[in-house]
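Visitor: starting from these lines, generate the structure:
(one chain, ligands or ions: 2)
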Amino acid sequence: MAEIVAGVGTSHVPAIGAAVDHKKTQEPYWKPIFDGMVPVRVRLEQLKPDVCIVVYNDHASRFDLGLIPTFAIGTGEQFLPHDEGYGPRPVPAVNGDPELAWHIVQSLVLDEFDVTMVDSMTVDHGLTVPLSVAFGEPQEWPCRVIPLCVNVIQYPPPTGNRCLNLGKALRKAVESYPKDIRVAIFGTGGLSHQLQGERAGLINREYDNRWLDGFISHPGDVARISHAELIREVGSEGLECVMWLVMRGALHDDVQVTHRFYHVPASNTAYGLLLLENKK
Ligand code: DHB
Ligand code: FE
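Guide: Numbering: from 1, shown residues only. Ligands and ions are numbered 1, 2, ... in the order given. As a prediction, this is how the structure comes out:
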């Protein structure tokens, strides 16, 4: 049977992707952040996931006001990087896993999570930056990737609790897949940042770290935090952190923290990185 071997939480700061693509990772501004990624890369190389399910948000790239699913799963064979204005990122194409993706769709919908099925989609920095964080600069990504897109762009996004419960249903879906494969779940976005309006530049280091503590040890409480509190404390884009709760729900209640890293600033954003594993 399929096994969930790790949960990764990471911010998706687009400037991190640009630092990789423009060979700036060793510059003084970026080096501490890229050094902070090393233990995650090393551990993922040991764990060798066959598939990563990346819970991420699209930024009006593939989905805009014409169509915004709350939860969407990429069921296609391949997903190309989206051109976000400077040309597509020069990273490998993302190869999907249609068979597992359709199994997950069936399990989730029959479990009353009505996810949208998307065969044809491009992926923006919300998905490609987490892959760069986890795997560096390979010629090909080392595993198949199933994109699980969450709307956190157009109000109303799903509640944290809905995301946590989706994660629990996702775990059931993965663990009922009959092939012996190793699966990692990524929760992405956040942590605190606000890109627009009078509060642009907002970072809340203290709240982020308290949120991470709770995320690890009592996720049910963190999942109950209101959108209003999140927007007030971590900014309008900081609300992206609800996507981490899908990853958390897919793991056991009792987890081991393999790596935890936090750095301010990364562009306009607080950068957070977490690798969790189920306790054996
Ligand atoms: C920035 C952060 C984001 O999460 C995003 O989607 C776009 C920009 C930033 O830090 O500039
Ligand atoms: Fe974002």
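
Visitor: surely Val129 meets Pro14?
Guide: Yes - using CB atoms under 8 Å, Val129 is in contact with Pro14, at 6.4 Å. The C-beta positions use only the backbone N, C-alpha and C, and glycine is treated the same way.

Visitor: if you count what's nearby, which of those two comes out ahead?
Guide: A count of neighbours by other CB atoms under 10 Å puts Val129 above the other of Val129 and Pro14, at 26 against 20.

Visitor: so what's that one up against?
Guide: Contacts for Val129 (CB atoms under 8 Å, 6 or more residues apart in numbering) come out as 10, 12-14, 16-17, 188.

Visitor: can you rerun that using 7 Å?
Guide: Neighbour list for Val129: 12-14, 16-17 [criterion: CB atoms under 7 Å, 6 or more residues apart in numbering].

Visitor: just Asp213 next, same as before
Guide: Asp213 touches nothing, counting by CB under 7 Å, 6+ apart.

Visitor: do stretch 202-214 and ligand 1 meet at all?
Guide: No - with CB under 6 Å from any ligand atom as the criterion, ligand 1 is not reached by stretch 202-214; the gap is at least 10.2 Å.

Visitor: mind listing what's buried along that stretch?
Guide: The neighbour-count check on stretch 202-214 (16 or more other CB atoms under 10 Å) flags 202-204, 207-208, 211-212 as buried.

Visitor: closest one to Ala223 out of those residues, please.
Guide: Nearest to Ala223 among these is Trp211, at 11.1 Å by CB to CB.

Visitor: start to end distance for stretch 54-74?
Guide: 10 Å (CA to CA, to the nearest Å).

Visitor: for stretch 137-145, that is, sorry about that
Guide: Termini of stretch 137-145 sit 16 Å apart (CA to CA).

Visitor: also stretch 191-198?
Guide: 19 Å.

Visitor: show me which residues of that stretch are buried.
Guide: 191-194.

Visitor: out of those residues, which comes closest to ligand 1?
Guide: Ligand 1 has its nearest neighbour among the buried residues of stretch 191-198 in His193, at 5.5 Å by CB to the nearest ligand atom.

Visitor: what sits opposite the closest residue to the closest one other than its chain neighbours in the beta ladder?
Guide: Leaving aside its chain neighbours, His193 sits nearest to Thr269 (3.9 Å; criterion: CB to CB, 6 or more residues apart in numbering). Note on Thr269: beta-bridge partners by DSSP bridges are Ala266.

Visitor: could you report the neighbour count for Thr269?
Guide: By other CB under 10 Å, neighbour count at Thr269 equals 28.

Visitor: quick one: it and Leu195 touch, right?
Guide: No - using CB atoms under 7 Å, Thr269 makes no contact with Leu195, being 8.6 Å away.

Visitor: which members of the buried residues of stretch 191-198 additionally contact ligand 1?
Guide: The residues of these that also fall near ligand 1, by CB under 6 Å from any ligand atom, are His193.

Visitor: near ligand 1, which residues of the stretch 51-200 of the chain are found?
Guide: Checking the stretch 51-200 of the chain against ligand 1 by CB under 6 Å from any ligand atom, the hits are 59, 193, 195.

Visitor: for the last one, give me its contacts.
Guide: Applying CB under 7 Å, 6+ apart, we find Leu195 in contact with 237, 268.

Visitor: picking up where we left off before, output the contacts of Val129 in CSV; the columns should cover pLDDT.
Guide: Listed next are the contacts of Val129 as CSV, based on pLDDT from 0 to 100:
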residue, pLDDT
His12, 98
Val13, 98
Pro14, 98
Ile16, 98
Gly17, 98
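
Visitor: quick check on the most centrally placed residue in the chain: phi, psi?
Guide: Centroid-nearest residue in the chain, with CA atoms, centre = their mean: Thr188, separated by 2.4 Å. Phi and psi for Thr188, reported as degrees, to the nearest 10, are phi -130, psi 170.

Visitor: hang on, isn't it packed against Val8?
Guide: No - with contacts counted by CB under 7 Å, Thr188 stays clear of Val8, the gap being 8.3 Å.

Visitor: pLDDT weak spots in the protein?
Guide: Of all residues in the chain, none has pLDDT under 70.

Visitor: show me the strands in it, by range?
Guide: Taking DSSP state E to define them, one finds strands in the chain at 3-10, 51-56, 71-74, 78-79, 94-95, 116-118, 144-150, 182-188, 255-266, 269-278.
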